[in-house]
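Chemist: what's the 3D shape of this:
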Amino acid sequence: MDEKPKQASPVLADSAPNNPPPSKSILGIHPRRMSQPRAVLSKYLTIPRRKPGKFDDVRCNGWLDSMKASSPRKNLLKGRSFDFSSGDADSGYLSWMIKHPSALTSFEKIFEQAKDKKVAVFLDYDGTLSPIVDDPDCALMSDEMRSAVRDVAKCCPTAIISGRSRDKVSKLVGLAELYYAGSHGMDIIGPINSDDPDGHLGHVKVTYQQGKEVKLFQPAREFIPVIDEVFRTLVEITKGIKGAKVENHKFCASVHYRNVDENHWLPLAQRVYDAVAEDPRLRVTHGRKVLEVRPAINWNKGKAVEFLLQSIGLKDGEGVVPIYIGDDKTDEDAFEAVGKGGHGVGILVSAAPRETSASYSLEGPSEVMEFLKRLAKAGNNATPPHH
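Modeler: Numbering: from 1, shown residues only. This next block holds a predicted model:
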């Protein structure tokens with residue numbers, strides 16, 4: 001742990017691209033191929049994808065359905081009471097709520113599960129701590145929410161795991177007592193109080209806010225130039241689509257289509273997929289009205305949860321209860337991770353029924369805040385954080 005691996009020093013802030021943009025139009029042209037990153041461990045690499053061709057009608061319809069489903073309709077049943085025997089309730093919604101009950105109404109059951117055990121809390125940001133808004137830069141958490149998160153962190157280790165860059169989400173949250181994982185867990189600031197878990201390599205010790213010594217772990221560090229280049233490509237090919245917004249999150253690039261006319265969603269998706277189709281090092285995933293280009297490595301929010309638990313010293317077991325709260329499709333890997341062995345608690349933030357691996361649900365950030373407040377009050381039964 002005390003020796004730094006033989007690699008470049010970590011970059012703690014988002015760096016501006018160093019390479020000049022391509023000299024000719026790149027619409028429809030794949031990013032130029034770069035040499036395969038050498039420092040990426042083979043344990044993280046996925047099997048190269050078969051090169052896709054142009055969309056056919058079936059695939060077009062499938063992706064369009066996925067894009068529409070990425071931001072489900074608002075729950076029109078919210079606030080209504082139903083007589084189960086009268087048949088006036090939406091049977092699908094009620095069946096879903098029976099399977100994924102409210103974490104607020106089920107709080108006593110969750111608390112009993114965590115009683116006398118070590119608890120760790122993991123939180124998504126957008127749609128969980130802050131509302132979903134048209135402009136991602138305006139997705140701000142309230143002071144009351146910040147206070148609730150701070151109080152939870154006083155009684156148990158707490159981490160934010162976001163698709164945003166780590167630097168950006170840590171500035172938005174503004175709490176030095178938390179741990180942060182940006183770019184869907186590919187950029188982690190975690191605690192140093194144990195040996196390198198499971199033989200993970202590529203981490204270094206750094207001094208963080210308020211002089212706190214932490215561990216920086218970036219399993220996709222060698223992909224930074226690749227993401228810089230594909231980011232420039234995405235900016236160029238989406239210029240003609242009104243409302244499209246492209247962000248560079250350092251280890252992944254996001255194309256937001258929340259403000260794009262629905263008639264233009266499919267052409268936008270086509271351009272994004274064409275931009276990376278022939279590069280097996282990159283893959284495209286769906287989020288809430290966003291297409292994300294990521295390194296094709298075997299790493300996600302679930303693996304980030306496992307890494308942080310091991311770093312904190314809370315390895316999986318009956319004496320540990322990890323709680324993960326998130327609203328996006330990208331959080332499903334984390335729900336699966338905390339649900340292993342039936343010890344953890346996954347909570348989906350959604351105002352409408354949808355398929356999920358989470359055990360419980362909350363309707364929005366306001367309910368998340370209420371849950372965190374209750375959790376903080378019950379903190380006397382949780383293990384103090386290992387800072």
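
Chemist: can you tell me which residues contact K303?
Modeler: Contacts for K303 were tallied using CB atoms under 8 Å, 6 or more residues apart in numbering; they are 185, 333, 337. C-beta: built from backbone N, CA, C; applies to glycine.

Chemist: strands of the chain, residue ranges please.
Modeler: For the chain, strands defined by DSSP state E occupy the ranges 118-123, 158-161, 179-182, 187-191, 203-207, 213-217, 245-248, 253-256, 282-287, 290-295, 320-326, 345-349, 360-362.

Chemist: report the buried residues of the first one.
Modeler: Residues of strand 118-123 classed as buried by neighbour count (16 or more other CB atoms under 10 Å): 118-123.

Chemist: who does it touch, helix- and strand-wise?
Modeler: If you count contacts as 3 or more CB pairs under 8 Å, 6 or more residues apart in numbering; DSSP states H and E, strand 118-123 packs onto helix 143-155, strand 158-161, helix 301-312, strand 320-326, helix 365-377.

Chemist: how about TSV for these, with mean pLDDT and distance to E177 added?
Modeler: Compiled in TSV, the helices and strands packed on strand 118-123 are given as follows (pLDDT from 0 to 100; distance: least, CB to CB, whole Å):
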stretch	mean pLDDT	distance to E177
helix 143-155	96	5
strand 158-161	97	8
helix 301-312	92	13
strand 320-326	95	17
helix 365-377	97	13
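
Chemist: N259: which of the ones you listed is closest?
Modeler: helix 365-377 (20.8 Å; CB to CB).

Chemist: shaky segments in the protein?
Modeler: Residue ranges of the chain with pLDDT under 70: 1-64, 70-90, 192-213, 316-318, 380-387.

Chemist: mind redoing it with 50?
Modeler: 1-53, 55-58, 73-89, 194-202, 381-387 (pLDDT under 50).

Chemist: show me where it has its helices.
Modeler: For the chain, the helices defined by DSSP state H occupy 57-69, 91-99, 107-114, 143-155, 166-173, 224-237, 265-276, 301-312, 332-339, 365-377.

Chemist: out of those helices, which one sits most buried?
Modeler: helix 301-312 (a mean of 24; mean count of other CB atoms under 10 Å).

Chemist: now that helix against strand 213-217, angle please.
Modeler: If you take axes from the mean of the first three to the mean of the last three CA atoms, to 10 degrees, helix 301-312 sits at 150 degrees to strand 213-217.

Chemist: quick one, what contacts W299?
Modeler: Applying CB under 8 Å, 6+ apart, the residues near W299 are 44, 184-186, 219-220.

Chemist: got those as CSV, with neighbour count columns?
Modeler: As requested, the contacts of W299 are arranged in CSV below (neighbours: other CB atoms under 10 Å):
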residue, neighbour count
Y44, 17
H184, 29
G185, 29
M186, 30
P219, 27
A220, 26
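
Chemist: for L266, state which of those residues is nearest.
Modeler: Nearest member of the contacts of W299 to L266, counting by CB to CB, is H184, at 24.7 Å.

Chemist: surely the closest one touches N300?
Modeler: Yes - counting by CB atoms under 8 Å, N300 is a contact partner of H184 at 6.0 Å.

Chemist: pull up the overlap in contacts between the two.
Modeler: Joint contacts of H184 and N300 (CB under 8 Å, 6+ apart) are T330.

Chemist: which residues sit in contact with I110?
Modeler: 103, 323, 345, 360.

Chemist: nearest to E229, of the helices and strands packed on strand 118-123?
Modeler: From the helices and strands packed on strand 118-123, taking CB to CB, the stretch that ends up closest is helix 301-312, at 24.6 Å.

Chemist: got the angle for the closest one vs strand 118-123?
Modeler: Using the same axes, to 10 degrees: helix 301-312 against strand 118-123 is 140 degrees.

Chemist: for the buried residues of strand 118-123, give me TSV that also has distance to D137.
Modeler: TSV is the format used below for the buried residues of strand 118-123 (distance: CB to CB, whole Å):
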residue	distance to D137
K118	37
V119	33
A120	30
V121	26
F122	24
L123	20
